[in-house]
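Participant: I need the structure of the sequence given here:
(8 chains)
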Protein chains: 8
Amino acid sequence: MSLTSESDLHESGQSGSRQARPDFEREARKGVPEVIIAERKTAEQSLDIARRFLAANGRAILSRVPPTLEHRLRAEFTDPVILEWLPECRAAILRAPSAEPPFAGGRVGVITAGTSDIPWAEEAALLCREMGCSVHTVYDVGVAGIHRLWEPLQVLLDAVKVDVLIVAAGMDGALPSVVSGLVDVPVVGLPTSVGYGMGGKGEAALLSMLQTCAPGMAVVNIDNGIGAGAMAGLIANRAAAARLGQTDVKEE
Amino acid sequence: MSLTSESDLHESGQSGSRQARPDFEREARKGVPEVIIAERKTAEQSLDIARRFLAANGRAILSRVPPTLEHRLRAEFTDPVILEWLPECRAAILRAPSAEPPFAGGRVGVITAGTSDIPWAEEAALLCREMGCSVHTVYDVGVAGIHRLWEPLQVLLDAVKVDVLIVAAGMDGALPSVVSGLVDVPVVGLPTSVGYGMGGKGEAALLSMLQTCAPGMAVVNIDNGIGAGAMAGLIANRAAAARLGQTDVKEE
Amino acid sequence: MSLTSESDLHESGQSGSRQARPDFEREARKGVPEVIIAERKTAEQSLDIARRFLAANGRAILSRVPPTLEHRLRAEFTDPVILEWLPECRAAILRAPSAEPPFAGGRVGVITAGTSDIPWAEEAALLCREMGCSVHTVYDVGVAGIHRLWEPLQVLLDAVKVDVLIVAAGMDGALPSVVSGLVDVPVVGLPTSVGYGMGGKGEAALLSMLQTCAPGMAVVNIDNGIGAGAMAGLIANRAAAARLGQTDVKEE
Amino acid sequence: MSLTSESDLHESGQSGSRQARPDFEREARKGVPEVIIAERKTAEQSLDIARRFLAANGRAILSRVPPTLEHRLRAEFTDPVILEWLPECRAAILRAPSAEPPFAGGRVGVITAGTSDIPWAEEAALLCREMGCSVHTVYDVGVAGIHRLWEPLQVLLDAVKVDVLIVAAGMDGALPSVVSGLVDVPVVGLPTSVGYGMGGKGEAALLSMLQTCAPGMAVVNIDNGIGAGAMAGLIANRAAAARLGQTDVKEE
Amino acid sequence: MSLTSESDLHESGQSGSRQARPDFEREARKGVPEVIIAERKTAEQSLDIARRFLAANGRAILSRVPPTLEHRLRAEFTDPVILEWLPECRAAILRAPSAEPPFAGGRVGVITAGTSDIPWAEEAALLCREMGCSVHTVYDVGVAGIHRLWEPLQVLLDAVKVDVLIVAAGMDGALPSVVSGLVDVPVVGLPTSVGYGMGGKGEAALLSMLQTCAPGMAVVNIDNGIGAGAMAGLIANRAAAARLGQTDVKEE
Amino acid sequence: MSLTSESDLHESGQSGSRQARPDFEREARKGVPEVIIAERKTAEQSLDIARRFLAANGRAILSRVPPTLEHRLRAEFTDPVILEWLPECRAAILRAPSAEPPFAGGRVGVITAGTSDIPWAEEAALLCREMGCSVHTVYDVGVAGIHRLWEPLQVLLDAVKVDVLIVAAGMDGALPSVVSGLVDVPVVGLPTSVGYGMGGKGEAALLSMLQTCAPGMAVVNIDNGIGAGAMAGLIANRAAAARLGQTDVKEE
Amino acid sequence: MSLTSESDLHESGQSGSRQARPDFEREARKGVPEVIIAERKTAEQSLDIARRFLAANGRAILSRVPPTLEHRLRAEFTDPVILEWLPECRAAILRAPSAEPPFAGGRVGVITAGTSDIPWAEEAALLCREMGCSVHTVYDVGVAGIHRLWEPLQVLLDAVKVDVLIVAAGMDGALPSVVSGLVDVPVVGLPTSVGYGMGGKGEAALLSMLQTCAPGMAVVNIDNGIGAGAMAGLIANRAAAARLGQTDVKEE
Amino acid sequence: MSLTSESDLHESGQSGSRQARPDFEREARKGVPEVIIAERKTAEQSLDIARRFLAANGRAILSRVPPTLEHRLRAEFTDPVILEWLPECRAAILRAPSAEPPFAGGRVGVITAGTSDIPWAEEAALLCREMGCSVHTVYDVGVAGIHRLWEPLQVLLDAVKVDVLIVAAGMDGALPSVVSGLVDVPVVGLPTSVGYGMGGKGEAALLSMLQTCAPGMAVVNIDNGIGAGAMAGLIANRAAAARLGQTDVKEE
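Facilitator: Predicted coordinates for the structure are as follows:
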């Protein structure tokens, strides 16, 4: 619960160096692990950073992994390193043998309007799990046929007792507003680039969520599953820390 | 049920004339009366066209009437001319004593998400009534609290047996998609300029409706209540004509 | 003519399931069959959903089918299943041997401004036919040379007696406004992504239709042939049901 | 027919001067008189420039004149100076007693879709007349009821024998495309800021004209009546100079 | 912690009624009180809804109150009703004498980049307080001179121990990203309409926040202080409920 | 010089036909030959239309010809048909042996700012030549180094005596405004999709031309070389017809 | 030439304070004085900040001063305080009697395309002078008639020997590109909100400048005269410091 | 320090020539060498221009070189011509054996927010070096973890004593504003096309920089590394010329 200490300010930035300078301390500082977005890097760059995270933190997370990088990951990271592969969002998690599975106690629900939204919902779920949350997903509940939403929503609220909901939707982006109008937990709206024609790259969904009539929702950018997961994970773990009686979130 | 006959092509367009040339035959040709949108005209222009419609067709419809024009209308059009005033959408209907109330038989339902959408919903309802439809309205059913939608919708469908629904919404524009996913009549989406921030002049609502997941909806432009009414009136009256056994819509 | 009964609300949403949950009851509820938009799904996903629709409803409709999926459809769905292939819009219809051809009686006219608009017009026509309408098409009538429009329009109105017109246009999007100014049936404007430069992905066409001077038109999103067909099919079948004396659309 | 001679390059630009430097030679160089757009200037600035043009060229043209400036113009420019006032576009022309009426011989037709487009059409007509063209106007021919266009168009082409057409339209902007598809003279599209909702400040009209299917049209910006007039005047006067046998446009 | 019970579905929507139907149960259902956005309503409408909320819930909250409405509120709601007035965001809170001050225990920090962002920050703070949170504000810390941020941020995190931060910024919208990169609590980005030129109505700020490099932030629409407050209040109160040992957020 | 006669209205539109209906009479009606934009059509469609134009009019023009179509054109259209190929704009002209080279007498100048603008300038030049104009081109005169513009411009105006100038530019789009400020012939601005970053697909160039300070320019859409050529050809040929003493453009 | 020392980090941000916290040290840190943009503040806020700057630094600069604030400034700040008023940009400078006139030695040229651009050019010039630069202005040189640019430009470069040029333009925004193509000093492009129709609020000018073909120009936002002045002042003063032999910019 | 002499105006523009006319004198006139942007040209065009620059100026610079052109460059330009290859920005520099390495003395610092911004930063650095500046780079300092910025910034300012900073950033574009708020040298903001979702092609970064709260920054277009380098090089070399006592920038 503290700001980065000032001693951090003195790390050296080697003038002229062209090597990536990953933020190994982000997880400690922020409570959110850094994710290597592979689609914006060369395979060499991604592998190099992954190796360094694995060495420093015992874990590396890569998302949007192209097929060629997937092959190289599978070839390089073998026993005793554990490679988990999430096909729907093409993400990989590398774990050192000694790495403990994270536990923080937050409870996150993830809902999608359609099947096409699943890749980004999976990205969000992945990050929440790596932040130590338990995650419960309900996919393809649609807004065309809103009656299919009722029962799974009740399960998430009353049985699972989620601390926060991520609701992913493309096209009309209506589902997050509908959900947010019905529940008493914070909602993170995750617009996806599913759609067609005007507004069809997720803009209509994003704008509709930004204009929601239902208070208690905030949004991340289109297809930003990682961002939605980070926000939801922080929210849920804040509540969990209080549940678990951690000192610094307790009332004094 | 016929195209304008070719003799219409020979009406004279006086080269050089600057007088407005209202389309007095539109109602006969289209089944939709012309509405004088007063906010785009001077009071003199509006009054002049209104007088000419009243003389030609026994009725004149004015919408978006500024206060100064309202006063002049009330001063000029007195008994035996009947002036109906609709305060919520600032519209006026002038009727000659001899004018028959229209009847066509279409049944139209009009729903709004919020109270701020009412002016445009009223414009749509007005035009449908002047096309001879019966109109039933349900206002402020919201999408934040979607459970409030169920019962009035069932009344419109099962008791009123509407031929078509107009659903007006600003902000997130989610309600028309939700309604369209539940009903088996065509839906005309009417986005309104209610909102704030990015997409808040009705763009978010329009785009969300254009991206609807629910088939069976088409939309008009933002705040185009007259256009929504014309579309819905034509749809409903087409069904009504068949119900009433009118020849030209019957199977041969 | 009824809202989904409340018992629908109790279907189970298996928390955590990642299988698509197609809306098999949509046709009964909405009067519009669900179309599998294949371009947004993997071949496996499309085939799986198609098999389930074929089993449940005796028919599956797939649009925007990529060549690889086309091959797999042709390989898997052989006698006695009937596979209809529409090359212009790359759509496929699978029919179980027992499936009755649909009949509802609506009459739909489909007009395009150019030859490039045909794929989406064909999508619209396909859906209308699968909703039981008869469909009449007139393609490439252009607005540059508006005189070529007159005769086919008269045929559609006076001989075919269409209940509704779909008018597809890209580029300037002017044709739907011109048509809507001349006819007394509702018009569904279908903008297409035909064009170039600024506004050339269909935005100019869509905006021009949204700004139409001619009342009695509503629009769907760019290239949304399925949406235009669903709207037009519902309009036409509503009139047809009345023509055929069906109880629930009759005057009581 | 010549480029500005190089001696023009040596006129002094007094460094630091803040007085407007109107381009008194533009008319000689370009064949288009400069118009003082009063709405962007203070009354003092407009009056100062007007006086200087009147002194230098015997004529000053002011457009978009606010009421306060109108009063000051009427007060200051009295006999023997002639003040012409065009109420529809709020323009003023000041003429020195000695100023000859211009004559160049070009023939321009100006058409509008609606009555609301008239102010900008009048601006265009004004400039063409001040460039020495004869101008013929046909207003409010509409695209909703395209049959009203035929006869006046034939008059302009066959009787008046216009060299060029200006077609002004707001909203759907469809009329210029329709006209351009029918005639063999160049068309200048003049989009106007008449409309509502999305694209309603003239963007839909401008984009639709830019996307025209009908070759032989170019456009000016929204509400740029002066620009449309300048383009049309140059086109018409080029043809007129040839008709009148002027040397420099003749075949050698 | 429960979904609206199904009995809510049966409240009657009187077909044809034009009276606003405020959602009196929203606070119970959502944990967020409804705010009457007065700028979108007539004074009569606002007063009517305020009276009904005061009667039903013992409190009414009005935001963006125009001066005329302010006068009417002050005239009507006198002792024993308590009227609190927040001049910076022009909001009013009416309390019945019996109304208990709310307490939920959440701890919210509100930071602004400039002084111009204060009105929306105050709206957010107001809602959080009415949701029972304690609120701590730090205004005008700027990003031009980021060194001024350090100390107040440390106070909020280590002394106040906030559960969530709202960071409001217009113009470049950079401050929320900077803050979010330094802290381990969730951040709600609140873009404001402060700026100039391209992107200057808050779009640049909103887009910059949506594109944040720093995980753990979600955003609301431009100037949506109420929405930011609702999101932050739900987040903080979720953690507070756990701190206070409330049953339904506890681990079972 | 006449409007399409009304007998044209009676050509039959075969309801249901899906064959393209090219406008063979456009050239006679408009003075502009139809160009087959091959990139929007299948090779089969393009070839079919080309054959029909060749048979009907003795000439076919195809632009934006993909390599596969180029091969098929070269294979099919051999002696005595003449195939002209313009590599820079990938256009082909097919001529029947009997086809006379067109002559109308218009004089067109074409200028580009850079080398990247040449393909669209060549499209424009091609169409002007096929309309019977003589065309003079000056490419790559730039605005960064405006001094390079002077001499070629003087040649075009004083030696060639062009009737109209087409000025093509991408990026900043400044050249057409600069040229238009210096010459007394009409200018057709042709923005091209050359650029980068914001506004870099030709939008900046188009907007800059629409905002020109220099009267006497109108524009076509981005990359619309054919449109620019049609407009310029009509302008030039109108002047040429007068020069050549053709009856219908003469003063009576 | 140094970064803010770390001791700055310890200034206290009083949590909860709502008073503006002006950045009194900015001038020392940045070399750019802070300007109070009065149009975004209440008169009270502006006066309060002005008083504090006057007390702390001996000078206060206010821009975009509304008439009511102007009156209050004139009433309050009388002898011995000196109030300078710049009517064209409505700016005020307050100076304590003891305040030395600034001198730094930079040489700045300011050019505008039209008279309407002068207010923002004056803002830029004002800030440069307050940063100790000498400023030379040339207004209304236009791009429609580019030949008028030559001589004043030569004066600025060869006689005045400016270190940097600010070029302000609205509408087509072409002038800065033309200038930048001709000179060897850096150019700061200042787009202004002068224009009409599409792109007419300065967007066309800004985009055209961003797309410039001429290297050596960077831009500020629309109407941001203060920003253009700050950039140019820093550039010119950097060169001046070297000219004046100041240690920290010298080669070592 | 002089404007292009007028004799330049007389170079011949061969009417009809289609060969590129590179601006060989730009470097002498502007102080900025021309860069051949290869991605917009055919390999033949790029090679031809490169050969001509090499012959005329002893150096040719090519950026955004596709792999096929890279191979052809390596094959053709061998000893004694020197080919330097910059892999990160795919740029090539060809030098004649006799070509002196440039020296002008400016000092430029280049900072990037992330690793993905490096290609454009390298383009900028390349151009500055070819303008004779010394360049110091610090990459990947991020805004998420702003504390990492401090030390390298101090090195650039106090040890390297840079005359100007280029700061490249995509996504939120916040870093340039943060830097500009801390330093007293001019900052050139270089937005990059790194990002995702709405505003993710560099628009958010560009808009955020245009809206900066920190005075003393101007920007170039998205990914315009060459433009940023040209601006920074001119700024730095202006100061360097003064440091080196060159006559024409000295005080007289």
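Participant: number of residues surrounding A:Gly105?
Facilitator: 19 (other C-beta atoms under 10 Å in any protein chain shown). For glycine as for every other residue, the C-beta is placed from the backbone atoms N, C-alpha and C.
Participant: what about the residue nearest to it when sequence neighbours are not counted, is that helix, strand or coil?
Facilitator: Nearest non-adjacent residue to A:Gly105, counting by C-beta to C-beta, 6 or more residues apart in numbering or on different chains: A:Ala240, 3.2 Å away. Look at A:Ala240: counting by DSSP: H, G, I helix; E, B strand; the rest coil, its state is helix.
Participant: who's in contact with A:Ala240?
Facilitator: Neighbour list for A:Ala240: A:Ala104, A:Gly105, A:Gly106, A:Arg107, A:Cys133, A:Asp163, E:Ala242 [criterion: C-beta atoms under 8 Å, 6 or more residues apart in numbering or on different chains].
Participant: is the last one in contact with A:Arg243, as I believe?
Facilitator: Yes. Taking C-beta atoms under 8 Å as the contact criterion, E:Ala242 and A:Arg243 are neighbours in contact, 4.2 Å apart.
Participant: which parts of chain A sit against chain D?
Facilitator: With the criterion set to C-beta under 8 Å from any C-beta of the partner chain, chain A never comes near chain D.
Participant: for chain G, see how far away the residue of chain A found nearest chain F is.
Facilitator: As assessed by C-beta to the nearest C-beta, chain F sits closest to A:Lys201 within chain A, at 15.7 Å. When distance is defined by C-beta to the nearest C-beta, to the nearest Å, A:Lys201 is 21 Å away from chain G.
Participant: centre of the chain to stretch A:181-197, how far?
Facilitator: Computed by C-alpha atoms, centre = their mean, to the nearest Å, the chain-centroid distance of stretch A:181-197 equals 14 Å.
Participant: correction: stretch A:196-210
Facilitator: With C-alpha atoms, centre = their mean, you get 21 Å for stretch A:196-210.
Participant: quick one: mean pLDDT for it?
Facilitator: Stretch A:196-210 shows a mean pLDDT of 96 in the predicted model.
Participant: burial check on the closest residue to A:Glu203 other than its chain neighbours, number of neighbours?
Facilitator: Nearest non-adjacent residue to A:Glu203, counting by C-beta to C-beta, 6+ apart: H:Met198, 6.1 Å away. Other residues lying near H:Met198 total 25 when counted by other C-beta under 10 Å.
Participant: so where does the closest residue to chain D within the stretch 51-200 of chain A fall, helix or strand?
Facilitator: Closest residue of the stretch 51-200 of chain A to chain D, C-beta to the nearest C-beta: A:Met198 (9.0 Å). Counting by DSSP states H and E, no helix or strand carries A:Met198.
Participant: okay, E:Ala242 and A:Arg243: which has more neighbours?
Facilitator: Legend: neighbour count by other C-beta under 10 Å for E:Ala242 and A:Arg243, higher for E:Ala242 (26 against 22).
Participant: and the more buried one, how far is that from chain H?
Facilitator: 28 Å.
Participant: then A:Phe77?
Facilitator: Distance of A:Phe77 to chain H, given as C-beta to the nearest C-beta: 21 Å.
Participant: hmm, A:Arg95 and that residue touching each other?
Facilitator: No. A:Phe77 is beyond contact range of A:Arg95, at 9.3 Å (criterion: C-beta under 8 Å).
Participant: stretch A:40-60 and chain E in contact?
Facilitator: No. Shown here: stretch A:40-60 not in contact with chain E (C-beta under 8 Å from any C-beta), separated by at least 12.1 Å.
Participant: assign the residue nearest to the residue of chain A closest to chain F when sequence neighbours are not counted to helix, strand or coil.
Facilitator: Among residues not flanking A:Lys201 along the chain, A:Ser193 sits closest, at 5.0 Å (C-beta to C-beta, 6+ apart). Here A:Ser193 is coil, with the state taken from three-state DSSP.
Participant: equivalent analysis for A:Ile93, please.
Facilitator: Under three-state DSSP, A:Ile93 comes out as strand.
Participant: grab the nearest non-local neighbour of it.
Facilitator: A:Glu84 (4.3 Å).
Participant: quick one: residues contacting that neighbour.
Facilitator: Contact partners of A:Glu84, counting by C-beta under 8 Å, 6+ apart, are A:Ala92, A:Ile93, A:Arg95.
Participant: how close does it sit to A:Ser134?
Facilitator: 17 Å (C-beta to C-beta, to the nearest Å).
Participant: count of neighbours near the residue nearest to A:Lys201?
Facilitator: There are 19 residues near A:Ser193, going by other C-beta under 10 Å.
Participant: list the contacts for it?
Facilitator: Counting by C-beta under 8 Å, 6+ apart, A:Ser193 makes contact with A:Gly170, A:Lys201, A:Gly202, A:Ile222, A:Asp223, H:Gly197.
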